[in-house]
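**Q** Any chance you can model this:
(2 chains)
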Amino acid sequence: MSTPAISSLEFQAHSAVSLNEVTAGYGHHIVFSDLSLDIDGGKFVGIVGPTGCGKTTLLRTILGTQPVLAGKVFLNGQAVDAIPAGTIGYVPQLETVDWNFPVTVEEVIMMGFYTNKRIWPWPNKKERALVRELANRLGIYPCLHKHISNTSGGQRQRAFLARALVNNPALLVLDEPTSGVDIKTQHEVLHLLNDINSQGITVLLTTHDLNTVASHLPWIICFNNGVVAQGHPHDIFTPDILKKTYGGDIAIVRHEDHLLIANSTPLIPRRKTRDKFFS
Amino acid sequence: MEFLLEPLEYEFFRHGLLAALMVGSLCGLIGMFVVLRGMSYVGHGLSHAAFGGAVVGFMLNLDFYSSAGAMGLLAAILINRITKNGEIKLDAAIGVVTTAMFALGVAIISQVRTFNQNFEAALFGNILGITNEDLLIIGLVTACAIVSILLLYRPLLFSTFDNEAARIFGIRTEMVQFTFSFLLTLSIIASMNVVGVTMIAATLITPALTARTMTDSFGRMLIYSFIIGAVTGVGGMYLSYVFNAASGATIVLFGAILFCLSVLIKRCRTLLGNQAARPHRQDLR
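**A** Numbering: from 1, shown residues only, chains lettered A, B, ... in the order given. Have a look, this model is predicted:
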């Protein structure tokens, strides 16, 4: 990977993300107000919350694409609009990608280099070698020359992840990386993110999938137009906190080290056959 | 061979051919981004605004290209302003701004009947009346577009594919958008006298669409679109000579035929590919 704009170690020394009494919204609609939040460098953090709770607005505020109405956003102690290009790696929601756009997997990964000062369109040897190395590491080397739509959900996610990693970012932000992919791919992606995080890169993601994050992420922020709670999933996934976050009753099953979050009022009634047979 | 060389004896044809070659390749190059950035209607609208500018400029004794360019740029800035907060959609803003500018031009023509300038050329194209000055301007704009696209290729590709991600990665997307809008306006004005306001949109879009049917790679599509644009211009000019038809219209029709052929070839290849992939009956037994 190329030389990082800000090293991940430098990021770990400060709060990777710091929001200081931030108010954000669209026109007259305020999504969250006076939000203060600190995310330590080197952490692997998931933001969960219901649809429309402001997760994406929070992410966009952190990324600097959503202008704040009040307050300040800092990344590693620097204002978000002053940080060097390539500090943040970003993986968009797969559902927002135009799959008909004429790009190959290699071209998608190569876009990560487009923040550097090289003016010629064609990649140099170093860039090609880095793309191949990353593709190899992420297991997408065989599909480098395929059109982006001719790949599986997992390969697509890895292609965008590779693009985010080419600059060796200090902060990796992913918008809903577990949506639109099957359970196996969800697990693979989260394990991969865990490996990336173990190299010192701060990883921040949003998701709807409580069960997946409960079993993979060490730190969760429950969000609903503001931070409801944050901590280890075993500590904060309680019926009370989830009710405050989602506004409904959610049952939690605990078994040894495992957490299972389930809807407590199932729509399908329990099957009686087995009970009758044994009675 | 004689068929190709015979029309070259005439100076008007040589001028026209050179203009068609440059405008075709220019439109192929710029049109690629117009299509992928969803700006087809912008191209159509800007050409109409530029026409209004040309008429106003003529009335005020200003240069054709400068006045058309100024109005085109004014339209681009106004559209950008109107759509900035997202309340008014892009297509609606284009509809209002550029049609109003076009209407201003038409109103002036209908009021001031002493015009000796033939605005029909700007409306429908007059490739055979291309002057040396026109050739110079088209050449300069084509060279400027090639150099700009080469230098801006990386940020243009990234922001065209995913504007928000490009911004997050540190690309100055607003500067890229502004530069591209400026290039588009220049290209439209340079092409106006060749293919005409009414047919510029097709000249911009068709080579890129044809190229899209041939490849899934962005880099290759850009090269194909450039070449197809040039081939369309030259082929259209020869066909207009053979059939004695309006050159602008023939170029557009030839481009449309190439597009239809490319779609047909793609369908055939897909069908043949599916058949080859399908297992034979005996394999199923």
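
**Q** which residues touch B:Phe168?
**A** Let me fix one detail, which is that residue B:168 is Ile and not Phe. Neighbour list for B:Ile168: A:63-65, A:88, A:90, A:173 [criterion: Cβ atoms under 8 Å, 6 or more residues apart in numbering or on different chains]. Where you see a C-beta, it was placed from the backbone N, CA and C, and this is true even at glycine.

**Q** CSV please, covering these and showing pLDDT.
**A** As requested, the contacts of B:Ile168 are exported to CSV (pLDDT from 0 to 100):
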residue, pLDDT
A:Leu63, 90
A:Gly64, 88
A:Thr65, 87
A:Ile88, 88
A:Tyr90, 93
A:Val173, 94
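
**Q** most surrounded residue in those?
**A** A:Ile88 (26 neighbours; other Cβ atoms under 10 Å in any protein chain shown).

**Q** Who does it form a beta bridge with?
**A** A:Leu171 (DSSP bridges).

**Q** likewise A:Ile220?
**A** Per DSSP bridges, the residues bridged to A:Ile220 are A:Gly46, A:Gly231.

**Q** Can you verify my assumption that it contacts A:Gln230?
**A** Yes - between A:Ile220 and A:Gln230 there is a contact at 6.7 Å, judged by Cβ atoms under 8 Å.

**Q** Could you find the closest non-adjacent residue to B:Gly229?
**A** In space, and not counting its chain neighbours, B:Gly229 is closest to B:Gly28: 2.2 Å by Cβ to Cβ, 6 or more residues apart in numbering or on different chains.

**Q** domain assignment for chain A?
**A** The record, using the TED database to delimit domains, assigns chain A the ranges A:13-83+A:172-177+A:191-237, A:88-168.

**Q** how long is the last one end to end?
**A** Start and end residues of domain A:88-168 are separated by 9 Å (Cα to Cα, to the nearest Å).

**Q** how about the residues of the stretch 101-250 of chain A near chain B?
**A** Taking Cβ under 8 Å from any Cβ of the partner chain, the part of the stretch 101-250 of chain A that reaches chain B is made up of A:101-104, A:107-108, A:111-115, A:118-122, A:147, A:150, A:167, A:173.

**Q** Pass me the low-pLDDT residue ranges in chain A, would you?
**A** For chain A, applying pLDDT under 70 flags the ranges A:1-14, A:263-279.

**Q** if we can go back for a sec, filter the contacts of B:Ile168 down to the ones in helices?
**A** Among the contacts of B:Ile168, the members falling in helices (DSSP state H) are A:Leu63.

**Q** would a markdown table of the contacts of B:Ile168 with distance to B:Asp162 be doable?
**A** Listed next are the contacts of B:Ile168 as a markdown table, based on distance: Cβ to Cβ, whole Å:
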| residue | distance to B:Asp162 |
| --- | --- |
| A:Leu63 | 13 |
| A:Gly64 | 16 |
| A:Thr65 | 12 |
| A:Ile88 | 14 |
| A:Tyr90 | 9 |
| A:Val173 | 14 |
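
**Q** Just say helix, strand or coil for the residue of the stretch 151-285 of chain B found nearest chain A.
**A** Residue of the stretch 151-285 of chain B nearest chain A, by Cβ to the nearest Cβ: B:Gly170 (2.5 Å). Classification of B:Gly170 using DSSP: H, G, I helix; E, B strand; the rest coil returns coil.

**Q** quick one, what contacts the residue nearest to B:Gly229?
**A** If you count contacts by Cβ under 8 Å, 6+ apart, B:Gly28 has them with B:207-208, B:211, B:225-230, B:232.

**Q** closest to B:Gly255 among these?
**A** B:Thr232 (4.3 Å; Cβ to Cβ).

**Q** For B:Gly28, see how far away the closest one is.
**A** Distance of B:Thr232 to B:Gly28, given as Cβ to Cβ, to the nearest Å: 8 Å.

**Q** which neighbours do those two share?
**A** Common neighbours of B:Thr232 and B:Gly28 (Cβ under 8 Å, 6+ apart) are B:Pro207.

**Q** Could you give the number of residues near the residue of the stretch 1-150 of chain B found nearest chain A?
**A** Residue nearest to chain A within the stretch 1-150 of chain B: B:Leu150 (6.2 Å; Cβ to the nearest Cβ). When neighbours are defined as other Cβ under 10 Å, B:Leu150 has 12 of them.

**Q** can you check B:Val106 too?
**A** 15.

**Q** Run through who's touching the helix or strand encompassing it.
**A** Secondary structure assignment for B:Val106, by DSSP states H and E: helix B:90-111. For helix B:90-111, contacts defined as Cβ under 8 Å, 6+ apart pick out B:41-42, B:44-46, B:48-49, B:51-56, B:59, B:71, B:74-75, B:78-79, B:82-83, B:115, B:119, B:197.

**Q** from these, which are also near chain A?
**A** The subset of the contacts of helix B:90-111 within reach of chain A, counting by Cβ under 8 Å from any Cβ, is empty.

**Q** For ChimeraX, write the selection for the buried entries among those residues.
**A** Filtering the contacts of helix B:90-111 down to the buried ones (16 or more other Cβ atoms under 10 Å in any protein chain shown) takes a single ChimeraX command:
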select /B:42,44,45,46,48,49,51,52,53,54,55,56,59,71,74,75,78,79,82,83,119,197
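
**Q** Which ones among the contacts of helix B:90-111 map onto strands?
**A** Using DSSP state E, no member of the contacts of helix B:90-111 falls within strands.

**Q** and stretch A:65-83 with chain B, contact?
**A** Yes - using Cβ under 8 Å from any Cβ, stretch A:65-83 comes into contact with chain B via A:Thr65.

**Q** first vs last residue of that stretch, how far apart are they?
**A** 13 Å.
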